[in-house]
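Participant: Okay, predicted coordinates and the sequence, questions at the end:
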Amino acid sequence: MAYAELICQSNFTFLRGASSPEELVTTAAFLNYSAIAITDECSVAGVVRAHSEIKRHRLPISLIVGSFFCFQDDFCFVLLCPNKAAYAELCRIITQARRRSPKGEYKLAEWDLIAIKHCQIVWLPGPENEKNSHWGQWLYRHHPKRTWLGATRFLNNLDTVRFNAIHHLHRVHHFPVLATTHALFHHTSRLPLQHVLHAMQENTSVDQLGSAVLANAERALRNISKIKKLFPQQWIDNTQKLASQCEFSLDELKYQYPAELVPPGLTAIEHLRNCVEKGIKKRFPNGLSDEIRAVIEKEMTLIEEQDYPYFFLTIHDIVQFAQKKKILYQGRGSAANSVVCYCLEITAVDPRQINVLFERFISKERDEPPDIDVDFEHSRREEIIQYIYAKYGRERTALAATVITFRFKSAFREVGKALGLPESQLDFVIKNINRRDRTVPWQSQLSACGLDTRSTKVCQLVALVEEVVGFPRHLSQHVGGFVISAGPLYELVPVENAAMAERTVIQWDKDDLESLGLLKVDILALGMLTAIRRTFDLLNTQFPEPLSIPFITRLGDDPQVYDMICKADTVGVFQIESRAQMSMLPRLKPRTYYDLVVQIAIVRPGPIQGDMVHPYLLRRHGKENVTYPSEEVQNVLSRTMGVPIFQEQVIQLAMVAAGFTGGEADQLRRAMASWKKDGRIYEFRDKLIHGMTNKGYSMAFAEQLFEQIKGFGGYGFPESHSASFAVLAYVSCWLKYYFPTEFYIALLNSLPMGFYSASQLVQDARRHHIHVLAVCINHSDREHTLVCQKGVKAIRLGFKLVNGLSEKAIQRVLQARPAHGFTNMHQLKQLGISEKDLSALASADTLSLLGGNRFQARWAMMDQQASLPLFSNQQSALPLEVAPNDAQDTVEDYASLSLSLKNHPIALVLQERTIKGLTLANQLHNKPHGSVVHVVGCVTCRQAPGTASGATFFTLEDHTGNMNIVVWQSTARHQQKAYLKAQILQVDGILERSTEGVVHVIAGKLTDRSCWFSSLTVSARNFH
């Protein structure tokens, strides 16, 4: 017996469906259904995943695309797509309903329903006869030929009422009846999870839902024998009758590129060639070599054959706009694999400097659009976004979506609330579970947090959290992936409003687009580009020769800049600023651009997990011979000393050493990117190892390569990315070395970005002998500024640093400030800014020129008498003689500015306390390897990378500098409170010094010393 389930809501009907699209189609195929429809509510967000699952596993089942709707709360129906015209119609209806409403909601208009011309309608009548009669007549009047009645049996007290209504409507209007489960999950075991999701949706607990919850598990996919018992045979046969009419497949969707960029009289490829030839003159002023010309011709031939010229022209147009607006940008990713992209000025990476696979960028076998990422200044990316919207219109472009999923914290909190646990208890557990300890799962830590792990409710909590982690929570906008089409985009995919004003998103994320081979243009934001451009702005007012990224790179590799890099003096620069990178720099000792390319890529999970770092360093410094198992492998690995460092090299090795085709190698790349989610990488293990051993490679070499492939999983880092990043890394280092004051100002004005807070950047600037001036009511601007004192450059901190100070108050102060500055408090009070803003200015000690210390300034602000007209010309009195002590000043500095220029907390602590045998940060280099040391500092960073064998890297800061602390898992586990909570931490441990002079302290004892400065707020940045 053939049966098709025509109504299924997956977990993309957020907080309603309790199974993934993949689970639904797999289970339906197992149950021998002939077809299944994924019909999420006013959405097609889940259909691509169902489509991909069926294709990937060749499931013997047809997928029908549709969507479920409720109109006026009493008319629920499903639209199914028999053909491509119906699919375009469905997308239009969803788009209109979503665009009328705020994010996450929809509102149908009656005209949307009247205008249906192609979709099949499955009506789900309710229990009220009067409403059923109205909608039955309405459907008979407007859609008599395409309406079906969906009969459901939930085995509850309303089944008889529903069946009677179905029979009556069938007799009156002759609508055919079909059976449906209206599934919300694939298996009955998901009922508790569905209850919890429903409670989340209603923002209450399961207990409080009462009769609103599902009474049983009859919304699971049923086996066919049960369906035969529940429904008449004719109703079952009608499911197959309707399913056989629904022939539309997502494979029919074909992307059409926007065409208006091509001038009249030219084809797209002719115009692209003209743009490339123009770029050649700029990029290669001394002419092209035959080799480069051959590469360009090869690329152009492939671009024409694959019909991609419009794609390249679209990106070229966007970067040309950025150039006109003087917005700094940098193409990366696969763009760095292409000489054409270099000539079109999409990327600054000269492909002659690296050796990469063009086939990774474009190949006939892959038959999908190339991937080009372009980073723009994060402070000006909105200009690019609005340019795209203005050029192509809201109908033809929108951002891709990102599916926001439940992660542990959100899952634990939301499931706990749904089960009725107190929020305060849930927050306490979340804060005290050590998620960085990968050897002790969170489930095993619950009892230590006060939960009875034997209780039924806690067992339910654990099971349900495990189920819901990874579930979709809602759609958000992608960081910058634009979809641009030739015609209305809503005929390709539904479009809805984003949470941010003036933004629209499609209902598919980037993985869905990739699965369907649709074009996405990545318009990304990069804070370092903002910082570099701001540095250029400061410098270009001082020097006649304008600075730019090409200007710096044309100067060649500067030995003095590389000296600074090798010393790991890289706080604030791009990419090589993390503790792991700074530990590697003195070991690798980069001296050239390509060394930086390797440096950026080597501190990644792939090379580390594949045990490639140590052999590379030994070979680089001549301590180990470079060997190759074959000439083919030598061609792939010669530029990295015989050690695979980059993702492209691993893919190339699969091709030359294991016999993979280009298409198989690309499938391997995709599996690498997702193996931690679905384990697909293991499908390639046997082919890889057998292919290599059959070609004469050792089993050890083959298995080592597979381990590295797993290391790249989820962290795929190609050489093309690293090459692009290395340009910005070098430029930022060059600016820091030659113009440190301007560079630090630009960094501070570009926050938040990178690893470091404003406090850490200011501390580093002062260690470089740069004078930093406090925020001042008479001298500061909104942003941090460059000042010159007796010919010496200095940084003047700006009002933007003051916590709690409104933008309105800043603008009012700057507009009203006299040329000679304010002279008394009364002038400030007359500006009309709020007491909160005045208090913020006083607390940040910005009023010292007017009101003495911060205590006196606050006192003067509270003096109402001085505000009366009679006293308006009098100087404010300063009757308060109390002045803050050093500790109070420091506490208020951190509270109001998040940093202090007067004192460091550790310096003040050490004035009051003596720590026996204490070693300061600037004294560590004098201590011998293996010595016991005692250090104390503010915790400014915790970093727990997934590849660090369970280690967490702490950065402690005292008044002399930073210290690198390594905390092993066992140490963290036995001293968890200090490990997780300390703001001021004392570490007793063993000093380790590498042969290159890198110093770490291996923590033994952790002691939380935050009580020594109990009111201090120092926020650590935690990366894990």
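Facilitator: Received, thanks. Numbers count the residues shown, from 1 in each chain.

Participant: I'd guess residue 573 is in a helix, am I close?
Facilitator: No: applying DSSP: H, G, I helix; E, B strand; the rest coil, one finds residue 573 to be coil, outside a helix.

Participant: pull the helix or strand with minimum mean pLDDT from the protein.
Facilitator: When each helix and strand of the chain is scored by mean pLDDT, DSSP states H and E, strand 1021-1023 comes last, with a mean of 57.

Participant: what helix or strand does the closest residue in space to residue 578 that isn't next to it in sequence sit in?
Facilitator: The shortest distance from residue 578 to any non-neighbouring residue, by Cβ to Cβ, 6 or more residues apart in numbering, is to residue 755 (5.6 Å). Quick note: C-beta positions are derived from backbone N, CA and C, even for glycine. Assigned by DSSP states H and E, residue 755 belongs to neither a helix nor a strand.

Participant: how near is residue 755 to residue 773?
Facilitator: As judged by Cβ to Cβ, to the nearest Å, residue 755 and residue 773 stand 25 Å apart.

Participant: Ok, residue 331 next?
Facilitator: From residue 331 to residue 773 the distance is 39 Å (Cβ to Cβ).

Participant: which of those two has more neighbours?
Facilitator: The residue with more neighbours, out of residue 331 and residue 773, is residue 331; 25 against 16, by other Cβ atoms under 10 Å.

Participant: where does the stretch 601-750 of the chain have low pLDDT?
Facilitator: 605-606, 609-610, 673-680, 711-717 (pLDDT under 70).

Participant: in the helix or strand harbouring residue 987, what counts as buried?
Facilitator: Taking DSSP H and E as the definition, residue 987 sits inside strand 984-993. Within strand 984-993, the residues scored as buried using 16 or more other Cβ atoms under 10 Å are 984, 985, 986, 987, 988, 989, 991, 993.

Participant: In JSON lines: the residues you listed, plus pLDDT and distance to residue 250.
Facilitator: Listed next are the buried residues of strand 984-993 as JSON lines, based on pLDDT from 0 to 100; distance: Cβ to Cβ, whole Å:
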{"residue": "984", "pLDDT": "92", "distance to residue 250": "57"}
{"residue": "985", "pLDDT": "95", "distance to residue 250": "54"}
{"residue": "986", "pLDDT": "96", "distance to residue 250": "60"}
{"residue": "987", "pLDDT": "96", "distance to residue 250": "56"}
{"residue": "988", "pLDDT": "96", "distance to residue 250": "61"}
{"residue": "989", "pLDDT": "96", "distance to residue 250": "57"}
{"residue": "991", "pLDDT": "96", "distance to residue 250": "60"}
{"residue": "993", "pLDDT": "90", "distance to residue 250": "59"}
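
Participant: Pick the one among those closest to residue 647.
Facilitator: Relative to residue 647, the closest of the buried residues of strand 984-993 is residue 993; by Cβ to Cβ it sits at 33.3 Å.

Participant: Any figure for the gap between the closest one and residue 586?
Facilitator: Distance from residue 993 to residue 586, by Cβ to Cβ: 11 Å.

Participant: Over to residue 77?
Facilitator: 68 Å.

Participant: Looking at these two now, which is surrounded by more residues?
Facilitator: The residue with more neighbours, out of residue 77 and residue 586, is residue 77; 22 against 16, by other Cβ under 10 Å.

Participant: I'd assumed residue 67 was in contact with that one.
Facilitator: No: contact criterion Cβ atoms under 8 Å: residue 77 and residue 67 do not qualify, at 9.7 Å.

Participant: Do you have the strands of the stretch 201-350 of the chain handy? List them.
Facilitator: Secondary structure of the stretch 201-350 of the chain (DSSP state E, counting those that start in this stretch): strands located at 329-333.

Participant: Quick one: low-confidence residue ranges for it.
Facilitator: Within the stretch 201-350 of the chain, the ranges that satisfy pLDDT under 70 run 333-337.

Participant: related to what we said a few turns ago, now could you export just the CA positions of the strand holding residue 987 as PDB?
Facilitator: Provided in PDB are the C-alpha atoms of strand 984-993 (Å, rounded to 0.1, in the frame of the first residue of the first chain):
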ATOM      1  CA  ILE A 984      42.800  38.600  40.800                       C
ATOM      2  CA  LEU A 985      44.700  35.300  40.800                       C
ATOM      3  CA  GLN A 986      47.800  34.000  42.600                       C
ATOM      4  CA  VAL A 987      49.500  31.200  40.800                       C
ATOM      5  CA  ASP A 988      52.200  29.000  42.400                       C
ATOM      6  CA  GLY A 989      53.900  27.000  39.700                       C
ATOM      7  CA  ILE A 990      56.900  25.900  37.700                       C
ATOM      8  CA  LEU A 991      58.500  28.200  35.200                       C
ATOM      9  CA  GLU A 992      59.200  26.700  31.700                       C
ATOM     10  CA  ARG A 993      61.500  28.400  29.200                       C
END
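
Participant: now it, how far from the centre of its chain.
Facilitator: Computed by Cα atoms, centre = their mean, to the nearest Å, the chain-centroid distance of strand 984-993 equals 34 Å.

Participant: what pLDDT does the residue lying closest to residue 159 once chain neighbours are set aside get?
Facilitator: Using Cβ to Cβ, 6+ apart and skipping the chain neighbours, the partner closest in space to residue 159 is residue 153 (5.3 Å). Residue 153 is assigned 93 on the pLDDT scale.

Participant: just checking, residue 153 touches residue 229?
Facilitator: No: at 9.8 Å, residue 153 does not count as touching residue 229 under the criterion of Cβ under 8 Å.

Participant: Next, the contact list for the residue nearest the centre of the chain, please.
Facilitator: Per Cα atoms, centre = their mean, the C-alpha nearest to the average position across the chain is that of residue 479, at 6.9 Å. By Cβ atoms under 8 Å, 6 or more residues apart in numbering, the contact set of residue 479 is 402, 524, 525.

Participant: 10 Å instead?
Facilitator: Residues near residue 479 by Cβ atoms under 10 Å, 6 or more residues apart in numbering: 381, 399, 400, 402, 510, 522, 523, 524, 525.

Participant: tell me the contacts of the fifth one?
Facilitator: The contact partners of residue 510, taken as Cβ under 10 Å, 6+ apart, are 371, 400, 401, 402, 403, 478, 479, 481, 483, 518, 520, 522.

Participant: Of these, which is the nearest to residue 925?
Facilitator: residue 479 (40.7 Å).

Participant: now the closest one, what's its secondary structure?
Facilitator: strand.

Participant: Also residue 64?
Facilitator: strand.

Participant: Can you give me the neighbour number for it?
Facilitator: Neighbours around residue 64, by other Cβ under 10 Å: 26.

Participant: Verify the contact between it and residue 119 for me.
Facilitator: No: applying Cβ atoms under 10 Å, one finds residue 64 not in contact with residue 119, separated by 11.3 Å.
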